[in-house]
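model this:
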Amino acid sequence: MSTRSARYTSVAIALHWAIALAIIFMIWLGWNMEEKEAALQLHKSIGITILLATIARIVWRLLNPPPPLPAEMKPLEKTASHLAHLGFYGLMLAMPLTGWLLVSSHPRIDIPTVLYGTVSWPDLPGVDFLKNNLAHEIIEFTHSKLAWVTIILLALHVGGALKHEFSAEEGVLKRMLPGLFGKTDPPAAPPKGFLAAFGAAIGAFILIAGLPLLGGTSAPAPADTNAGFSANWTVDMDNSAIRFSGAHDGNRYSGVFESWTADIQFDPDQPEAGRASVIVQTASAKANQKLYTDSLKAAEWLNPDAFPVATVEITGMSATTEGYTSTARLELKGLSVTVPFNFEITFEGDTALMTGQAILQRGPLDLGQQSDPGGDWVGEEVTVDVNVTAQRLTGGQ
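The predicted structure is shown next:
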């Protein structure tokens, strides 16, 4: 009869070490982020991964009970071991959940969570009542101190395992170490529940990540400009674009508005009579990184839920030695600014090719003024580049 310990299942061993190493790395990362956006997003991404892996581990443990502790262990030691395991499971849930709550209820900053730069992760619902300084400090304190609780419990856990491994008892450490299958007996029963455990984790991921879609989001339809004047050009939308760019944390960002319409009246012989009216669907803003795209939908940025369109009126055109100059009046989020808009036009028969640029300031448009009013992270200037290909309307002036 064998006197060796029965080992944990391979899945339990893999989940145990993956989660343990992820938690240790997370604690180190949390202490060394230094407000770096990329590190913060990685911290949040790994935290959600730990949460989902913990769901799988709990379901797996319920379906595959762990091997019994050595008979030589004292009853008090067995009780302490069980309590330590319960504590770890509680921490594996509490740490990511409090972190999720922390970013969901920040009273001033609304930075989206994008898992590994790919998948948008929503805020916890129903926590708006916690968006105050006192609640934020309590949640932040709890989240940070759970790291110390984890370190203390981890030290006790490792110390206890080593004590039993090198004492006269049969030992427990080898049961959870990979690569020691020849020194332990197989699990008492064949493993089961792989689909249930990982299906629960994947199902939770799909359900939570898909929550924003339940509200029904569709691509914004182009709006009629109702310019109030007769346009003599029609825009070729497939070959035209409104792009924006700027700086964030020392890096350049860029993006494009995917849905907009424009009415244009322009005669190169009488540029002073020219004008244009543009309507932009703010929800159509798409940046070069998903984090930026999601950020632009926040209330402190474009806030498309409350302000679905921005309008631009371009007037005061006049010819210069380098092309044309004009005045652009932008209305966004109920605010209005006027900036110079300089452009060039070339004509190829009845086709006009226009390139223009305007420089906007975030402050007057109330863009990002809660999280970064001083421009410490996001540059104050936003460059807007416009490329338009237009066809002259038959009979146009």
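
my read: residue 331 touches residue 310, true?
Yes: counting by CB atoms under 8 Å, residue 310 is a contact partner of residue 331 at 6.5 Å. Any C-beta I mention is one placed from the backbone N, CA and C, and that applies to glycine too.

looking at the two, which is more packed in?
When neighbours are counted by other CB atoms under 10 Å, residue 310 comes out ahead of the other of residue 331 and residue 310, with 21 against 15.

so what touches the helix or strand where the more buried one lies?
If you go by DSSP states H and E, residue 310 is part of strand 309-320. With contacts defined as CB atoms under 8 Å, 6 or more residues apart in numbering, strand 309-320 is touched by 223, 266, 271-282, 302, 324-333, 341-342.

need the contact list for the residue nearest to residue 379 when sequence neighbours are not counted.
Nearest-residue entry for residue 379: residue 247, 3.6 Å, with adjacent residues in sequence omitted and distances by CB to CB, 6 or more residues apart in numbering. Going by CB under 8 Å, 6+ apart, residue 247 touches 253, 378-379, 381.

residue 247 bridge partners, please.
Here residue 247 shows beta-bridge partners residue 252, assigned using DSSP bridges.

parallel or antiparallel, which strands does the helix or strand just after the strand holding residue 310 pair with?
Using DSSP H and E, the next helix or strand after strand 309-320 towards the C-terminus is strand 323-332. Strand 323-332 has the following strand partners under DSSP bridges: strand 309-320 (antiparallel), strand 335-348 (antiparallel).

then the shortest one to CSV, C-alphas only?
Provided in CSV are the C-alpha atoms of strand 309-320 (Å, rounded to 0.1, in the frame of the first residue of the first chain):
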residue,chain,number,x,y,z
VAL,A,309,-23.3,66.3,-32.6
ALA,A,310,-20.8,69.1,-33.0
THR,A,311,-21.3,71.8,-35.7
VAL,A,312,-18.7,73.8,-37.6
GLU,A,313,-19.5,77.0,-39.6
ILE,A,314,-16.7,78.2,-41.9
THR,A,315,-17.0,81.7,-43.2
GLY,A,316,-14.8,84.8,-43.9
MET,A,317,-12.8,83.1,-46.6
SER,A,318,-10.1,85.0,-48.4
ALA,A,319,-7.2,84.2,-50.7
THR,A,320,-3.6,84.3,-49.5
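
report the buried residues of it.
309-310, 312-317 (16 or more other CB atoms under 10 Å).

follow-up on the earlier one: make CSV from the strands paired with strand 323-332 and add distance to residue 392 to it.
Listed next are the strands paired with strand 323-332 as CSV, based on distance: least, CB to CB, whole Å:
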stretch, distance to residue 392
strand 309-320, 17
strand 335-348, 9
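
pLDDT score for residue 7?
Note on residue 7: pLDDT of 79.

tell me what the helix or strand bottoming out on mean pLDDT in the chain is packed against?
Lowest by mean pLDDT, DSSP states H and E among the helices and strands of the chain is helix 133-166, with a mean of 87. Applying 3 or more CB pairs under 8 Å, 6 or more residues apart in numbering; DSSP states H and E, we find helix 133-166 packed against helix 10-31, helix 75-104.

which element follows that helix toward the C-terminus?
Immediately after helix 133-166, counting by DSSP H and E, sits helix 194-209.

next SSE after that next one?
strand 233-235.

elements contacting that following strand?
strand 260-265, strand 381-392.

so what are the sheet partners of the last one and their directions?
Using DSSP bridges, strand 381-392 pairs in its sheet with strand 233-235 (antiparallel), strand 241-248 (antiparallel), strand 351-361 (antiparallel).

which among those is found nearest to residue 200?
Among these, the nearest to residue 200 by CB to CB is strand 241-248 (37.1 Å).

pull out the buried residues from the closest one.
Buried residues in strand 241-248 (16+ other CB under 10 Å): 242, 244-248.

wait, residue 341 touches residue 354, no?
No: using CB under 8 Å, residue 341 is not in contact with residue 354; the gap is 10.7 Å.

tell me which of the strands paired with strand 381-392 lies nearest to residue 203.
Taking the strands paired with strand 381-392 one by one with CB to CB, strand 241-248 is closest: 34.8 Å.

is it correct that residue 120 is in contact with residue 289?
No: with contact defined as CB under 8 Å, residue 120 does not count as touching residue 289 (11.9 Å).

ok, residue 298 to residue 104 distance?
13 Å (CB to CB, to the nearest Å).

same question for residue 174.
Taken as CB to CB, the span from residue 174 to residue 104 is 42 Å.

so those two - more neighbours on which side?
Between residue 174 and residue 104, counting by other CB under 10 Å, residue 104 is the more crowded of the two (20 against 17).

how about the residue lying closest to that one once chain neighbours are set aside, secondary structure?
Leaving out its chain neighbours, the residue that sits closest to residue 104 by CB to CB, 6+ apart is residue 123, at 3.6 Å. At residue 123 the chain is in coil, as set by DSSP: H, G, I helix; E, B strand; the rest coil.
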